Each structure stands twice: as C-alpha cells, then as structure tokens.
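Structure of the sequence below:
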Amino acid sequence: MIQLRLTFTLAAIFLALRLVAQEQPAWEVNALTENGGAVYDFKTGITSATNGVIVKRGNSILTANSVTVYHQSGDAYASGNVRIEQGDELWEGDQMRYNFNTHLMSGDDFRTGLPPVFLAGHNLTGDMSNKVYTATSSYFTSDDVPDPGHRLRASRIRIVPGQYVEAWNAILYLRDVPVFYFPYYRRNLGPHANNFNAMPGFRSQWGPFLLTSYVWYLNDELDGTLHLDYRLNRGVGLGPDFNYHFGKWGNGTLDFYYLDDQKPGNNIPTDRERLSFSYLAEPVTNLTVRSVVRYESDMKILRDFFENEYRSNPQQPTFLEVNQTWENFSLDGEVNGRVNDFFETVERLPEVKLTALPQQVFTTPVYYESESSVGYYQHLFADTNGPVMPGYAATRADTFQQLTLPISLFGWLNLTPRVGGRYTYYGNDTGPGQSHTQESRFVFNTGAELSFKASRVWSLMQNKLLDLDGVRHIIEPSANYVFVPNPNVRPSQVPQFDSTLPSLVLLPIDYPDFNSIDSVDSENVIRWGLRNRLQTKRLGRVTDFLDWQLYADWRLRPQHGEKTFSDLYSDLTVHLRSWLIFESRTRFDINTGKLNMAFHTITFQPNDQWSWSLGHYYLRNDFSSLPTATGQGNNLFTSELFYRPTENWSYAIIHRFDISSGIMEEQQYGVYRDFRSWTGALILRLRKSQGHPDEVTVGVTFSLKASAHENPIDKTDIF
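Predicted coordinates for the structure are as follows:
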C-alpha cells in the first residue's frame, strides 16, 4: 500500500482530474485550519481528514472536525460539529453519515432548520434526493430559537420539507408543560400550514369548557377546520368546516356542527345542530351566482354557541341569486325559501327582476330608468310554541318607468325634474291567511330635486391646536320634492311581501330607491338637506376635518299617524386631529322638542400603541303604530381601551353601562401575548342584565400560527 500525505488542495486537484473522465461531479476537499491534514489511499480510494475539513461535491457541502470519505461509494462518516448543506437545507449533529451519491443521511443526534419547521432529536435517517426524513424520540417546532416556546415531542417523526410533517404518539408542550396528546399529527408546511388552536375556560352557562380546532389544508381547492369542543354542563360538540376554491366556478363554505346538549332549556331538543352553506362564483364576465343556505335545529343555537355570528346576523336568509349585468341593464333571478320554521320569511319562488340603469334617450337631454319584476311570493310567519299567524301566497308583477331631465341653471344651480309611473298586478292570494283578491294598481309620481354647491377659501387661516393649514368651507343645500297622488289601490288592499320595516334612519322618498313595493301610497313631501364641509391640508393632502349633514321631511299631506315634520336628523364627523375623531348621529323631534336618538363616539388613537373609544347610545322608546317604529329604546355608555406597549403584549378593556337601570351590563378584560410562532390570550367577561342571571366567562386561548408573520390571536367566537 502506497500512502502519500497530501495537502487538501493537492488531493482535491488529483481527485478532480481522476473523476472528470467518469463525468461525475468533482470532489473538493479543503482545510478549515492550518493544522488540517488528510491521508488519501490510492488503492482503496479513501480519504481520512482531521482538525477541521470541508468536503464539497456538486451542491452538497459537509464540514466537520474529522471525516472519512469513501470516494467510490460516496459515503462520508463525519464527527464533531458536523454540518451538512444541500440547497436551502442545513443539518447539524455530532456523529452523522452522508452519501454524496444517493444523498442518504443518518445520525444519532441531530438538529435542523427547514423553515417553517425546526427539528431536533435522535436516530435520523433521510433521503435528501427525495427529501423524506424520519427520526425517533424527536421534537419539532416553528419557534426558531434555542429554547422554543412550544414544541411537539413524538416517538416517531416523518418530514417532507415544503410539503408536510407527520408525528406519532406526540405531546404538545408549552415551554415544559404538556398540554395536549395526539396519537397522530400531520401538519402541512409552506404558505398553507396546518395549525392547532385550543381555548380552555369557564362560562356560567357552560361550566368549564375546552374548545379546540384543527385548521388543515389539502390543496389549493380545499381546506377547512375541524372543531371538537367539550362543555361540562352542555356536552360534546363537534363538526367540520370546509372551504372550497374552484376559481371562476366558485368559492364558498360548507360548515356543520352538532352538539348533544345536556341542558338545552325549555322546549329545546337535546340534539342541536347547524348546517351552513355559501357559494359565490363569476363563471363568465358580468355573470354572478350567489347562494346561502343555513339550517338551524332551533332558534337559540346561534345565541347559545355562536355569539359573534348571532350578533352580526341572527336571521340570515336562504337564497339562490343569479345576476347578469350589461352596460345599461341588469337582470336578476332569485329563489328565496324558508329552511327554519321559527323565522318569519317571505319566499320568492322565484323572482325575476330587470333593471334599466339611468341612460340617455338618444341625443336628447332626457334620461330613462326602469325596474320591473315578476314572481310568486309566499309570506310565512314564525312557527313558535304559541299561536301561529296563517300565511298567504300570491303572484305579483310590477313595473316602474321614469324619465328625468338633469339641467344646470345659471352655471351653479342643479335641477332634476322627474315623472314616472308604476303598474303592479296582484293575483288572488291563497293559503290559510288569504284575504285579498286580484288587483291592478296604478301609481303616478312626479317631483324634482334642487341643489347647489358654494365654497369659500381662507388660505391664511392657521391653528396648531386643530392642525389647520388653510380652510375651505363647502356648503351644499338641497331640496327633493315628491308628489304621488292616491293610487287606485291602497296598501291595505294588497298582500304584503315587500313592506316598510322599522328603521333608525329616514327611508328614501323617491322611486326606485323606495323599494317597499307593497307599501306604496300617496305622498306629498319635501326633503330638506344641508351639508357643510370644512377642509384643510394635513400631511400635504386635502382632508375633511368636519362633515355635517342635516336633513328632515316636510310632509305637506301627512299619512295617518304621521306628523307634519319628521325628526330632524344630524350626521356629524369631526377629525379634530388626525388621531382624534368625534362622531355624532342624532334625531330631534321638531314637534315635541325631544331628543329621540343620540349616538356619540369619540376616539383617541395617537399612535399604533393605544386607542380609546368612548360612546353614548340613546334611543327613546317608540311604540307608535307607524311601520318604522323602533320599539324598546336604550341608554348605554361604552368604553373600549386597547393598549399594545410592545410587539408581544397587548391589552383590551371593554365596558358597557346601562344608564337607565344603573347596571354595568358587560365588562371584558383581555391580555394577549405573541410568542413568535404561537399566540395566547387570557380573557375575562362579566355580564349582568335585568331579568337574567349573571354570567361569567373566562377563556384562555392557544393558537399555533400557520406562519411566523401572522397577527396575534383574534377574539374567539364566545367573546
């Protein structure tokens, strides 16, 4: 055996020349220290190196204190501060074996960073060509620090970088505290990483509870969430949420939730469930398809278990709608059915509507618009435990046609006279509540809208307190007159499908904005309006620092129950500074001198660290016979304070105080913590109201992020 002691550079040159003929990647061996050296055996083709070495072949790089390389097989045995790099992958360990030909790898102890997952453990084997690795007695985490805030420790782990990671007999640790056990766990990696969320807590109605969800991603077309909840006093609830994404063929959701309720309350079944479906698609340009279906086993399931959804929309309709638009026309088709018997519903089986948008008539200054619809309608009343009002159904065809003539007088006065007519046909209504016969209604309408705009500029006006740099005042008075003589058929003579509903704001008075077709009656009214805007320059841009609108109706011929003058409405928004906003919405009864409604809020937000919003909400009781009556009033004071002193900590304090009863209706305190790759929160809520038991809710949330850059945890569905 002939042995030559070579420097690493000479060995690299020799090996490169030898392997060029074989058309294989060249070996490069270099010393990392001055004491580095190697022995190459020409007979066996083995290189042994010590005192710091780097071995390169192709895009694979190995560094270690010592290494033995078998050039023919490609095996390398390394020890001491071993690092193996291939592309964007990096593996570290004390004793590792790597094959430069097959890219197979193994080691006793290892650690690696394959964002967004980092692993460490024992008994590693891997194929770096196929990018599949397995290990035993190991853990992985998405927390890229030496002491991770969370980790999943498992008896066996399998990872395919950029695709997924699997674990068997896995325990989730927060720091050193075990919090959850997974017999099997799989998480997608990359931009759609799977993640687990948990919220233990206590609520008066539920007792101690644990709400968990597992967010998963299958592919670009399908992802979702699996819920598994336990409430000590109410039982186990579970169900999946599916989100589908089919491009132009539609996106939507399909959600199901079931609960075996142990204490459902009076006249509520123990088997409680909800099913929700939504669909939105634009298969071709200007053609839109929408659909929503929501089934609920009882009328209280949303209030009891899906509070956020209940607050936003307690009675979402079930419908299928198709809309096609053109430059001047729009065609709508809608089917609206009742799925839940405990809700009052007007079914449209179906309704088709054609709308002609305002458009110029040839080359004349006249504009034409129309709205026509036909359908079969059924008014169904809520089926509750008490007496049920009988429903009724009928066919209705309606068409509205109108001409307008927008003109400008004297270069500053805008005048738009209009004239139009409406014809509505009602078939004989049927059903147990039928009380009307066939009718044909004719309605004539006319009127005009008058407005102008004037402004004045004070360019030298400065005020540091209000941050004013010049002021421009814009005033816009307006008057809208509507005249509709008595129609030949009054609202009481036709079935009511689209009728006037309670409202906190003034309803439109002109057509087609007023779309309560079955409530159309005579009108002789002027709506007066006045808008004032004050503008200034802030940060080099013109902005409205005051916007104030006043409007009221003067009813020249009031209907039964109406007064000559409506309430005076005021909408005011003042940006006192860029960080200080005041908003006011009021209704003042001109006839009695009483304030019927007042919504005031002031918001401080001097920076992105804290904000504080104070509000007062007042609504006088209104039990009048008018269809717009609002019923029970309210008098409420609110305070919402949010503070974020650092990137990782934030706090929220919310209060709602009922001034009338002197009761603090709701208190909520939240502490939120961002732990880089997972988030947590502690939330306390106290509720009190007359006639109801006090309610206490305490929740602790844990949420693993799908990526390292997500925002802190959002509020859960119980707050």
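
Over to Met505: give its phi and psi.
For residue 505 the amino acid is Val, not Met. For Val505, the backbone dihedrals (degrees, to the nearest 10) come out as phi -120, psi 160.

Correct me if wrong: it contacts Tyr569.
Yes: with contact taken as C-beta atoms under 8 Å, Val505 and Tyr569 are classed as touching, separated by 7.1 Å. Bear in mind the C-beta positions are built from the backbone N, C-alpha and C, glycine included.

If you count surrounding residues, which of those two has more?
Applying other C-beta atoms under 10 Å to Val505 and Tyr569 shows that Tyr569 carries more neighbours, namely 20 against 12.

surely the more buried one meets Arg587?
Yes: assessed by C-beta under 8 Å, Tyr569 is found in contact with Arg587 at 5.7 Å.

The residue nearest to Gln402 when sequence neighbours are not counted: which element?
For Gln402, the nearest residue in space outside its immediate sequence neighbours is Gly420; the separation is 3.1 Å by C-beta to C-beta, 6 or more residues apart in numbering. Secondary-structure assignment from DSSP states H and E places Gly420 in strand 413-426.

Could you look up the next helix or strand downstream of that strand?
Proceeding C-terminally, strand 413-426 gives way to strand 439-452 as the next helix or strand, assigned by DSSP H and E.

ok, then the element right after that following strand?
Trace forward from strand 439-452 with DSSP H and E and the next one is strand 454-463.

what are the pairing partners of that following strand, and which direction each?
When pairs are called by DSSP bridges, strand 454-463 turns out to pair with strand 468-484 (antiparallel).

List the first helix or strand encountered after the strand it pairs with toward the C-terminus.
Once the chain leaves strand 468-484, the next helix or strand it forms, by DSSP H and E, is strand 523-538.

Give me the buried stretch members for that following strand, please.
Using 16 or more other C-beta atoms under 10 Å as the test for burial, strand 523-538 gives Glu523, Asn524, Val525, Ile526, Arg527, Gly529, Arg531, Arg533, Leu534, Gln535, Thr536.

what's next to it, contact-wise?
Surrounding strand 523-538, the residues in contact under the criterion C-beta atoms under 8 Å, 6 or more residues apart in numbering are 445, 451, 467-484, 506, 509, 542-557, 578.

do stretch 68-80 as well
Looking at what lies outside stretch 68-80 - C-beta under 8 Å, 6+ apart - the contacts are 15, 27, 29, 45-49, 55, 57, 62, 64-67, 84, 94-102.

end to end, how far does it reach?
Stretch 68-80 has its terminal residues 12 Å apart, counting by C-alpha to C-alpha, to the nearest Å.

Also stretch 85-92?
9 Å.

what does that stretch rub up against?
Stretch 85-92 has contacts (C-beta under 8 Å, 6+ apart) with 59-62, 81-84, 103, 105, 107, 110-114, 124, 128, 161.

Out of those residues, list just those in helices.
Secondary structure of the contacts of stretch 85-92 is defined by DSSP state H; no position falls in helices.

Quick one: buried ones out of these?
Applying a neighbour-count criterion of 16+ other C-beta under 10 Å, the buried members of the contacts of stretch 85-92 are 60, 62, 82, 84, 103, 105, 107, 110-112, 114, 124, 128, 161.

Tell me which entries of the residues you listed lie within strands.
Counting by DSSP state E, the part of the buried ones among the contacts of stretch 85-92 found in strands is Ser60, Leu62, Val82, Ile84, Met105, Gly107, Phe110, Arg111, Thr112, Leu114, Leu124.

Redo those residues as CSV? Include pLDDT and distance to Glu640.
As requested, those are exported to CSV (pLDDT from 0 to 100; distance: C-beta to C-beta, whole Å):
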residue, pLDDT, distance to Glu640
Ser60, 87, 57
Leu62, 88, 58
Val82, 89, 55
Ile84, 86, 53
Met105, 82, 55
Gly107, 83, 54
Phe110, 80, 49
Arg111, 81, 45
Thr112, 79, 45
Leu114, 63, 42
Leu124, 81, 51
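
so what strands line up beside the helix or strand Val352 falls within?
In the assignment (DSSP H and E), Val352 maps to strand 345-360. Sheet pairing for strand 345-360, assigned by DSSP bridges, gives strand 329-337 (antiparallel), strand 367-380 (antiparallel).

Now tell me what touches that strand from outside.
Residues from elsewhere that reach strand 345-360 (C-beta under 8 Å, 6+ apart): 317, 319, 328-338, 366-380, 393, 404, 497-498.
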